[in-house]
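> using only what follows, build the 3D model:
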Amino acid sequence: MCRIGEGHEGKRRGPCCLVRWLPALIILGALVWSYHVLVYQICIRKVSNYLTTGLLLFFYHLLLLMFLWTWLRCIFVAPVGIPDQWKISAEDVDRLKRNDGAEGAARVLSYAARNLPIVTCTSDGLVRYCKTCWIIKPDRAHHCRNCHMCVLKMDHHCPWIVNCVHFHNFKYFILFLFYAEVYCFYLFCVMIYDLYLISGFELTSLKTQHSWNILQYLVCTIFNIFTLIMYAVSLLNVSRNRTTMESAYDTYFFDGGKNKNGFNLGCSANFRELYGNKWYLWPFPIFSSRGDGLSFPIDHDRLKEVRGDNQRKDNAPNRAQIYKENVARILGIHQPTFNDE
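You can find the predicted model right below:
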């Protein structure tokens with residue numbers, strides 16, 4: 001769960017606790033309602049066959065357990081703080097605050113990040129840093145205004161889990177969406193069975209007292225559509241190795257410039273980046289993702305392809321390359337020009 005009241009924004013008054021937890025309370029209310037409908041209204045009151053009742057209740061409680069497990073893991077796995085070596089020294093912070101222009105900032109940031117494993121930059125080719133936390137941002141990290149900290153591999157801040165979706169709970173969030181969809185679909189199938197018990201699929205035999213049942217079917221259908229869309233979009237991003245932030249905003253690389261596919265290693269490798277190499281852990285909210293959240297493998301071939309596509313007809317370097325070469329000259333570092341790479 002995000003830590004409220006910490007860091008540079010700790011003195012700011014956070015939103016009302018009830019408002020923050022309202023989406024989670026809505027999910028909890030939906031679970032209580034669905035439990036009442038399936039267990040009491042359908043299984044206990046309408047299903048007469050004990051074997052059918054037992055199977056329905058067994059699979060339902062199994063899905064409920066997995067849903068609650070993944071949901072709670074998403075909520076209570078807080079973002080991990082970024083190590084101290086990424087912090088900008090007090091002297092460099094003072095230099096950045098003096099605002100000596102782009103070249104001055106480039107010189108300070110390049111020196112501060114000289115030993116850090118970063119491949120992404122700003123649109124101007126500068127090292128990414130946070131003006132609130134005063135740290136060099138690791139690749140794919142962003143500052144969350146709700147959590148009041150920089151978050152590793154930040155996807156987005158999700159109100160349904162009252163937390164950020166980040167490197168250490170990313171797998172749990174995808175599993176949470178998966179089990180939410182399977183749970184809703186299972187409930188929908190049982191409600192279809194309930195419709196059969198009520199009318200034998202003869203809709204003309206439905207009476208006024210069945211209006212509540214019809215409303216429940218409609219609500220369940222809406223939940224199914226909503227969770228399916230969320231899961232499909234998230235799964236598409238995982239298959240491309242993109243976060244929601246990277247899908248919405250352009251990512252810039254020191255070598256290659258603007259590129260949405262720099263982290264795309266191929267569909268199979270992308271899923272293994274998230275789920276890890278131990279296949280028997282994939283269905284469970286147990287951490288198994290690759291890496292440490294501070295650096296990520298990139299596809300150099302994709303970067304070269306996009307770099308070539310974005311190059312001007314006169315073979316001039318892009319803006320990120322110009323800044324990179326200028327900073328190298330300022331620091332006295334010999335580096336091949338764009339055309340020589």
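
> quick check: G256 touching D299?
No. In terms of C-beta atoms under 8 Å, G256 does not count as a neighbour of D299; the distance is 10.0 Å. C-beta coordinates here come from the backbone N, C-alpha and C atoms, glycine included.

> what's the overlap in contacts for those two?
Common contacts of G256 and D299, defined by C-beta atoms under 8 Å, 6 or more residues apart in numbering, comprise G262.

> the two - which one has more neighbours?
Counting neighbours by other C-beta atoms under 10 Å for G256 and for D299 shows that G256 has the greater number, 26 against 18.

> per-residue pLDDT, that one?
In this prediction, G256 carries a pLDDT score of 80.

> name the nearest residue to it, ignoring sequence neighbours.
L303 (3.5 Å; C-beta to C-beta, 6 or more residues apart in numbering).

> span of stretch 31-39 from start to end?
One end of stretch 31-39 to the other measures 12 Å (C-alpha to C-alpha, to the nearest Å).

> just the residues contacting stretch 231-245, thanks.
If you take C-beta under 8 Å, 6+ apart as the criterion, stretch 231-245 is touched by 140, 142, 153-156, 165, 173-174, 177-178, 180-181, 247, 260-261, 263-265, 267, 270-271, 273-274.

> now do the buried residues in stretch 121-135.
Under the neighbour-count criterion of 16 or more other C-beta atoms under 10 Å, stretch 121-135 has 121, 125-130, 133-135 buried.

> same deal with stretch 111-120?
Buried residues in stretch 111-120, counting neighbours by 16+ other C-beta under 10 Å, are found at 111-113, 118-120.

> looking at these, spot the one nearest A30.
Proximity of the buried residues of stretch 111-120 to A30 was ranked by C-beta to C-beta; the top entry is T120 with 38.7 Å.

> verify the contact between that closest one and D139 for me.
Yes. Under the criterion of C-beta under 8 Å, T120 is in contact with D139, at a separation of 4.8 Å.

> picking that back up, sitting in helices, which of the contacts of stretch 231-245 do you find?
With helices identified by DSSP state H, the entries of the contacts of stretch 231-245 that belong to them are 173-174, 177-178, 180-181, 247, 267, 270-271, 273-274.

> wait, which of the residues you listed is closest to G101?
Sorting the ones in helices among the contacts of stretch 231-245 by how near they are to G101, with C-beta to C-beta, puts S247 at the top with 32.7 Å.

> ok so, going back, tell me which of the ones in helices among the contacts of stretch 231-245 is nearest to T52?
If you rank the ones in helices among the contacts of stretch 231-245 by distance to T52 using C-beta to C-beta, E181 comes first, at 23.9 Å.

> neighbours of that closest one, how many?
Using other C-beta under 10 Å, E181 has 20 neighbouring residues.

> and stretch 214-221, how far from the chain's centre?
On the basis of C-alpha atoms, centre = their mean, to the nearest Å, stretch 214-221 sits 29 Å off its chain's mean C-alpha point.

> buried residues, the host helix or strand of N213. List them.
Secondary-structure element containing N213, defined by DSSP states H and E: helix 211-239. Neighbour-count burial for helix 211-239, counted by 16+ other C-beta under 10 Å, picks out 213, 216, 220, 223-224, 227, 230-231, 234, 237-238.

> need the residues you listed in a markdown table with pLDDT, can you?
Compiled in a markdown table, these are given as follows (pLDDT from 0 to 100):
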| residue | pLDDT |
| --- | --- |
| N213 | 76 |
| Q216 | 87 |
| C220 | 92 |
| F223 | 93 |
| N224 | 95 |
| T227 | 96 |
| M230 | 96 |
| Y231 | 97 |
| S234 | 96 |
| N237 | 96 |
| V238 | 97 |
